[in-house]
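Engineer: Predicted model follows, preceded by the sequence.
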Amino acid sequence: MQKNISLSGLLTVVLRTGKLLQLSITAIALFILMMPLTASSQQADNQQISLQLSNRSIKEALAEIQKRSSVKFVYGDDINKYAAVKVSVNAGNITVKNAIEQVLKNTNLRYTRRNDHVMIDEKPAGSPTAPQKEQDKRPGRITGKIISDRGEALIGASIRIAGGSQATQSAADGSYMLTVTPGNYTLEISYISFQTQRITGVVVNENSSTPLTVAMKAKTNTLDQVVITSGYKKASISGLLTKQKNAVELSDGISAEQISRSPDNNAADALARVTGLTTIDKKYVVVRGMGERWNETAIDGITQPSTEPVRKSFSFDLIPAAMIDNIVVSKTPTPDMNANFTGGYVQVNTKDIPDQDFLTVSLGTSYNDLSTFKEQLGPKAGKYDYLGFHDGRRSLPQSSQLKNMLELAQENNGHALKNQNLYEQSKLFAHDNFTTYSSTTPLGLNVKLAGGKVFHLGREKKNKFGIVGALSFRNSQETEKIDFITRGGWQSALGLNLTDDHPNRQYLNTGNTYNVNSTWGGLLNMGLQIGKTKLAFRNIYSHIFNQDFTQVKGWNRDQTNYKTDIPGIEEVNRPLFTNFIQNKLEGRHDLQFMHIDWSLAHTEIRRDQKDVTYLGYSNVKINDEVIHYPATNVVNSTNRFPFGRGNYAYKGRDLNWSVAAAFPFKLYAAKQLFKVGYFGAKRTGVQDYFEAGLYNLPNNLSREYWYLSAAQLQDPKNFHENGFAWLPTVAGNSKYEGNMYQHAPFAMFDNHFGQFRLVWGLRAEYFKYEELQNPNDGRFGPTSAPLPEEKKWQYLPSVNFTYSPWSDFNFRVAYAKTVSRPQFAERNRFSYYDPVYSAYIWNAPVKSSVTDGYDFKAEWYPEPGDVLSAGVYYRDIADPIEMYNFFSATNKSEFTLKNSKRAQVYGLEVDVQKNFGFIDETLRNLRFSGNLSLNNSRVDTYGSTSIDENGDPFEKDQNGAAISREIVYRDNRPLYGQSPYSYNLGLAYVTDSWGVNVLYNKTGRKYMLVGSELKYAELQNPYGKVDMQLSYKCLKNRNLEVVLNISNLFNESILYYNNAASYGYDAEVKNENNRMDPRLGNPAFYNKHIVLQPGKSDNYDKGDQVTYKAHTGRRFTLNLNYKF
């Protein structure tokens, strides 16, 4: 932590010192430049005119002054706010200055002199009434890129102020920046073999950037000397549309320019605005209704490991919006892209050289109406838990320090219980993390600091070096209220004979999960651009402490009478410390005949679950008083319950390297591109796990040891042969270790022929998984299992065809083959316990899923930020990985990842994003956004049976018994994790000062677990959430922003269920003499003949079994963002 703080302090000093020097030089330069202009400005102000106005609008009044004087007015949308104001002036001899003041006196408008131009805009909050002097104004900037009408960056294009001396050239990536005094300018852009463009009406405000990306058109023989002239608005529309519509692959995204015009604070906020994406908890992303397992995330081109301990997902709220250059979500790959996805490839690109110096500070707090200022349960907190760091109280002894019963017996003549080493090693468990404490949940806190500095190098200042940095901290403590749970070993309402309308049904098996989260995030990027060479060094770091303490009280499956049986209590605490770091060095070299890109990257993630505790309470009734007390383990048991603890440490390290060369050439006078390259990676994953249990050693404990508290049970004085001792519950090897190697050469062509574009090629991926250690802990699954065979090489062709009949319209057709490979966490065979699912999770050997994908899409971009599109897609997935559920013989619920045979996924996407400016210009700031994704799928999976669909045995052994075999059949369900529909609706009104944004997201039901029969499946009921944001910018230059976020406004319940009760058999299934049709033993027959009953649906219906129901509460977040 100290390193981050020191770096932040150094960065702040550098920024402030550089900014002070820059402002001083600028002020002197402006003073010298403006001296000869002052007299001219004063003469225009004092010019005498005659003015007769009666009940005229402000625009009409200004037009009349312009007609009678030498001044020219420039104004934007601010003036439209005062359309109802009427002006009357009757003066035969009035100065221009006084006339303007008379016209504006009943408004909050101001005027600023700029030579012969007068700019009209609204006064910032807190600004003085008098017009600002020229000498006091700070310079502004014009920034953007110069690109061709094909979307290619133009290097060395000339950008200059018409009639002035300021000029610059575009850099290697087409970017440019001009620093000018505030005013209204005309730009001229020229480039060899392209038509010169003149852009008028480019307004630059004080200390701000005016974005302008210009798309140049190639010269023709008849237009060699023509200069194209257009206004700023039209030119910027053309430039942004060119970037959007010329994307190679089917993709959607959002740029830094669009983010800057929104109230978004981080990448998760921004992604909520992207077509076809749904954000969960404002952190996780779902594409096309497909769960996180089918998507891939990359930062600066580097594929990211999961930030979560038990699922493949990435938390996007770690990335501040100020650091983002753009986000692109690709739904089809090209040969030069990572192809390890089926749903979408989310690419976040951070800034390396900022367009301007900046420093922003954000401070915020959050309140949850279900949690804040209410009781919070959990173990005793560490001294540094709030800051997210470990103070040592969760440290457990190493497994090498402990001996199991066999080893203890061997060293003491066969008497383990009389070996004093047993009780001495028990004393190494020095901390009590089982006793439950009560506290009050505080408000949440978040703090962010971000800054950037750019240095212009060389005599002509064409080269530059830039640095950007960010540091953030967030602490949140919230409760998820468990209204109802019947998962795993918990008894169902049906098991206790409670009907839907029974008054006690809603109180069955309830509890809470108390979450504490502290997150640190840091970013430091540097970029150097010299001529046609660009180098960048990017660094990202995050540290997360996350603790979930779950307490559930209820009846287990062995209890059948809620009136006489006493409910039990189960507590699980899961503290997790995560450290993530990524470093990337990359370069681009634009040579005469080729472009070379290369990169080297290192990514490392450490996840340490320290002292995870499992505690089950027994109970006794004494004199009508129920006493709950911790139970202890029985010798030779390997169960985590009733009194166990464990450490689970994972370390993953990725090394990535790549190089690519692009060769432009011409064919039939049209520009073409050939690109060839190579990507390589080595990944290592190591997981150590250790578990121990507290055992009562004698078969019959003395009465003095009955009903002790958790703290008393762990008292060292009770460690002896007539009391208790700590013993490891997992014997032998307890370490997973694996390596992955990947090598991927590729070649691709980018062909242009008139209105047609074809990007095609081949990516060949060599992949090898090397399993060094992967022991089973002996609890679940086979003790040994061979790795499934996989092809070493996968050949992944892709074709993206685009037809653009008009400048703002595209038809796209695409085909691509992709591979979704299991990560280390999905290969580890050690079982772990999830208290929310009340289940044990382990992995069977799995192999990669190969997908053939087809897409068609039509896009219309009427103007920047607006899009109307519709498309269809189809995915054919071989060997999809799904989470299966089944019950063991001991009534324990077990989940395991397994390959199914095949899945076919298809769907429709529609997206509409449109402002209301087509109705009236005053409504341009009002924007509607909506997208709809309809999805369906078919799944073929594996099953085991000894009979065919006619009920006859396949074959018999020598004793006449039927022999089981594996079959493939069509399962009557969609793909695991897929929702049949999802949609987003949004309405936002955002001005320069304030904004209102209302978002509604709805996701249809989805299968969270699948199984061989309906009774093993679990579905999430359709879930909708309303979020709202209110923002207001104030102070001079609107550099203080106040943002109020309201999340989950209606606090809709999260409901999971099993709907086997809604299904029954069709007429072909026979039930004779109360004997079920034996053909149902064949899973293919079973799935063909089980159907929804009349009046039932696949959504939750009365009579279906609720497995989990919870509420998370409404979250209110208030942020103050200040920009220096």
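Structural biologist: Ah, there it is. All values derive from a computational prediction rather than experimental measurement.
Engineer: And the pLDDT for residue 321?
Structural biologist: pLDDT, residue 321: 68.
Engineer: Let me see the contact set for residue 883.
Structural biologist: For residue 883, the contact set (Cβ atoms under 8 Å, 6 or more residues apart in numbering) comprises 895-897, 976-977, 1008-1010. The C-beta positions use only the backbone N, C-alpha and C, and glycine is treated the same way.
Engineer: following the host helix or strand of it, which helix or strand shows up next?
Structural biologist: If you go by DSSP states H and E, residue 883 is part of strand 881-887. As assigned by DSSP H and E, the chain's next helix or strand after strand 881-887 is strand 893-899.
Engineer: can you pull out the strands in the stretch 651-800 of the chain?
Structural biologist: Remark: strands assigned in the stretch 651-800 of the chain by DSSP state E, counting those that start in this stretch are 670-696, 724-728, 735-753, 756-773, 793-806.
Engineer: Out of those, which is closest to residue 522?
Structural biologist: Comparing these against residue 522 with Cβ to Cβ, the closest turns out to be strand 670-696 (23.3 Å).
Engineer: From the contact counts, what lies against that closest one?
Structural biologist: strand 633-634, strand 643-667, strand 724-728, strand 735-753 (3 or more Cβ pairs under 8 Å, 6 or more residues apart in numbering; DSSP states H and E).
Engineer: so the last one versus strand 670-696, what angle?
Structural biologist: Same thing as strand 735-753. For strand 735-753 against strand 670-696, the angle by axes from the mean of the first three to the mean of the last three Cα atoms, to 10 degrees is 160 degrees.
Engineer: which residues sit against stretch 803-812?
Structural biologist: Here stretch 803-812 has contacts from 241, 245, 250, 755-757, 800-802, 855-862, 871, using Cβ under 8 Å, 6+ apart.
Engineer: returning to that earlier point: any chance of the helices and strands packed on strand 670-696 in CSV with mean pLDDT and mean neighbour count as columns?
Structural biologist: Supplementary listing: the helices and strands packed on strand 670-696 in CSV, determined by pLDDT from 0 to 100; neighbours: other Cβ atoms under 10 Å:
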stretch, mean pLDDT, mean neighbour count
strand 633-634, 79, 18
strand 643-667, 92, 18
strand 724-728, 89, 25
strand 735-753, 93, 18
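Engineer: ok so, going back, what would the strands of the stretch 651-800 of the chain look like in CSV with distance to residue 1111?
Structural biologist: CSV is the format used below for those (distance: least, Cβ to Cβ, whole Å):
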stretch, distance to residue 1111
strand 670-696, 33
strand 724-728, 38
strand 735-753, 37
strand 756-773, 42
strand 793-806, 44
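Engineer: In the one helix or strand residue 1091 maps to, which residues are buried?
Structural biologist: For residue 1091, the host element (DSSP H and E) is strand 1090-1092. Burial within strand 1090-1092, assessed by neighbour count using 16 or more other Cβ atoms under 10 Å, is assigned to residue 1090.
Engineer: now stretch 424-440
Structural biologist: Buried positions in stretch 424-440, judged by neighbour count with 16+ other Cβ under 10 Å: 425-426, 429, 431-434.
Engineer: After the lowest-mean-pLDDT helix or strand in the chain, which helix or strand is next?
Structural biologist: Ranked by mean pLDDT, DSSP states H and E, the weakest helix or strand in the chain is helix 2-45, scoring a mean of 40. Next helix or strand after helix 2-45 toward the C-terminus (DSSP H and E): strand 48-57.
Engineer: what residues does that following strand touch?
Structural biologist: Taking Cβ under 8 Å, 6+ apart as the rule, strand 48-57 contacts 60-61, 64-65, 68-69, 83, 85-96, 99, 103.
Engineer: what's the answer for stretch 1094-1101, then?
Structural biologist: Residues outside stretch 1094-1101 that contact it (Cβ under 8 Å, 6+ apart): 1005, 1019, 1021-1022, 1055, 1057, 1059, 1061-1063, 1092, 1106.
Engineer: Of those residues, which belong to helices?
Structural biologist: In helices, judged by DSSP state H, none of those are found.
Engineer: Could you dump the contacts of residue 883 into TSV and include neighbour count and distance to residue 735?
Structural biologist: Listed next are the contacts of residue 883 as TSV, based on neighbours: other Cβ atoms under 10 Å; distance: Cβ to Cβ, whole Å:
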residue	neighbour count	distance to residue 735
895	24	23
896	19	21
897	20	20
976	26	30
977	23	30
1008	19	31
1009	24	29
1010	24	31
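Engineer: what's the most distant pair in the residues you listed?
Structural biologist: So, the contacts of residue 883 by Cβ to Cβ: farthest apart are 896 and 977, at 15.2 Å.
Engineer: and residue 1060, what pLDDT?
Structural biologist: 90.
Engineer: and it, how many neighbours?
Structural biologist: By other Cβ atoms under 10 Å, the residues close to residue 1060 number 15.
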